[in-house]
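Student: coordinates only, sequence not included:
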Ligand SMILES: Nc1ncnc2c1ncn2[C@@H]1O[C@H](COP(=O)(O)OP(=O)(O)OP(=O)(O)O)[C@@H](O)[C@H]1O
């Protein structure tokens, strides 16, 4: 639990004159669910994209499972990509492919598994995320919002990843659907021994699933740690974030701090 799975050290990111990250650092431990929180535009998704090598920081270092992403070889990068699953905002399933074909894309690209085994894996992954195996033959347009999220999660799990990156996994879900999805993430982390990084706006997710998190703002990490540690942080932006609009932190179950 205490070994580092991901370390971000002094990362600087600029888009033109927009300084998004001004030397940010954080560590994610093996087996934990780590949240990236902060107001819109503070650079959460950008940091996530840097962790999965879709973007490169202008300075600083990101290490994932002992690999330094700025010096990683092409082969190691390909292996590393197979070791993580990603759930992008909105699910991002291919609308022209069935759910089964969406889930099996990476399996067909990166393995020589026979079709029958691939079909079995699709069935198992659908079951893992609480969907019936008949969903495999449906197209994304035929699914509800919650089912799209679950199908996307099944696709992210297809290659038995060690790491999972989730960008706003509960956005667009009603509170009951969001709570069920949070519980599913918790359950999968425990069963599959995953390390999970999730971008979220959802304070309820911070209550229920996240072990530790960072609050980004003003191009920095304003606070990080467990919920109890962060809510004690005196930074006015952090206080506004947690105690602002609603006057107190309140979970979906009505718990109050
Ligand atoms: N490819 C890009 N080119 C130029 N600017 C970008 C690019 N990607 C992100 N930005 C800018 O970087 C900043 C951070 O964006 P990012 O999407 O990381 O924020 P966020 O915290 O995830 O926001 P949200 O919660 O609204 O999704 C924003 O000002 C955004 O306009």
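Tutor: Arrived safely. None of these values were measured; they are calculated from a predicted model.
Student: Name the next helix or strand downstream of the helix or strand harbouring residue 6, please.
Tutor: Secondary structure assigned from DSSP states H and E places residue 6 in strand 4-15. Sequence order places strand 18-29 as the next helix or strand after strand 4-15, per DSSP H and E.
Student: For stretch 172-186, the averaged confidence score.
Tutor: Averaged across stretch 172-186, the pLDDT comes to 87.
Student: what does that stretch rub up against?
Tutor: 33, 90, 129-130, 145-146, 149-150, 153, 166, 169-170, 196, 198, 202, 204-205, 208-209, 252 (C-beta atoms under 8 Å, 6 or more residues apart in numbering). Every residue, glycine included, has its C-beta placed from N, CA and C.
Student: which parts of stretch 12-27 are buried?
Tutor: 13, 20, 21, 22, 24, 25, 26, 27 (16 or more other C-beta atoms under 10 Å).
Student: filter the residues you listed by proximity to the ligand?
Tutor: Contacts with the ligand within the buried residues of stretch 12-27, counted by C-beta under 6 Å from any ligand atom: residue 20.
Student: Greatest separation within the buried residues of stretch 12-27: which pair is it?
Tutor: 20 and 27 (20.1 Å; C-beta to C-beta).
Student: Now stretch 158-169: buried residues?
Tutor: So for stretch 158-169, counting by 16+ other C-beta under 10 Å, buried means 158, 159, 161, 162, 163, 164, 165, 166, 167, 168, 169.
Student: Nearest to the ligand among those?
Tutor: residue 168 (6.9 Å; C-beta to the nearest ligand atom).
Student: So the residue lying closest to the closest one once chain neighbours are set aside: helix, strand or coil?
Tutor: Closest residue to residue 168 apart from its sequence neighbours, by C-beta to C-beta, 6 or more residues apart in numbering: residue 89 at 4.9 Å. What DSSP: H, G, I helix; E, B strand; the rest coil gives for residue 89 is coil.
Student: Look up how far residue 113 lies from residue 89.
Tutor: 30 Å (C-beta to C-beta, to the nearest Å).
Student: Tell me the residues on this protein that lie near the ligand, please.
Tutor: So far as C-beta under 6 Å from any ligand atom goes, the chain lies against the ligand at 15, 18, 20, 38, 40, 41, 42, 43, 44, 45, 46.
Student: Which of those residues fall within strands?
Tutor: Counted as lying in strands by DSSP state E, out of the residues of the chain next to the ligand, are 15, 18, 20, 38.
Student: Pretty sure the third one sits against residue 45.
Tutor: No. Under the criterion of C-beta atoms under 8 Å, residue 20 is not in contact with residue 45, lying 10.1 Å apart.
Student: now the helices: where do they sit in the stretch 151-257 of the chain?
Tutor: 175-192, 203-208, 227-231, 236-243 (DSSP state H, counting those that start in this stretch).
Student: before we move on, what about the stretch 1-150 of the chain?
Tutor: Under DSSP H, counting those that start in this stretch, the stretch 1-150 of the chain gives helices at 44-51, 74-82, 99-110, 115-128, 145-156.
Student: give me the beta-bridge partners of the nearest residue to residue 194 once chain neighbours are set aside?
Tutor: Spatially, and ignoring its direct neighbours in sequence, residue 194 is nearest to residue 164 (5.2 Å; C-beta to C-beta, 6+ apart). Legend: beta-bridge partners of residue 164 under DSSP bridges are residue 85, residue 196.
Student: Much appreciated, bye for now.
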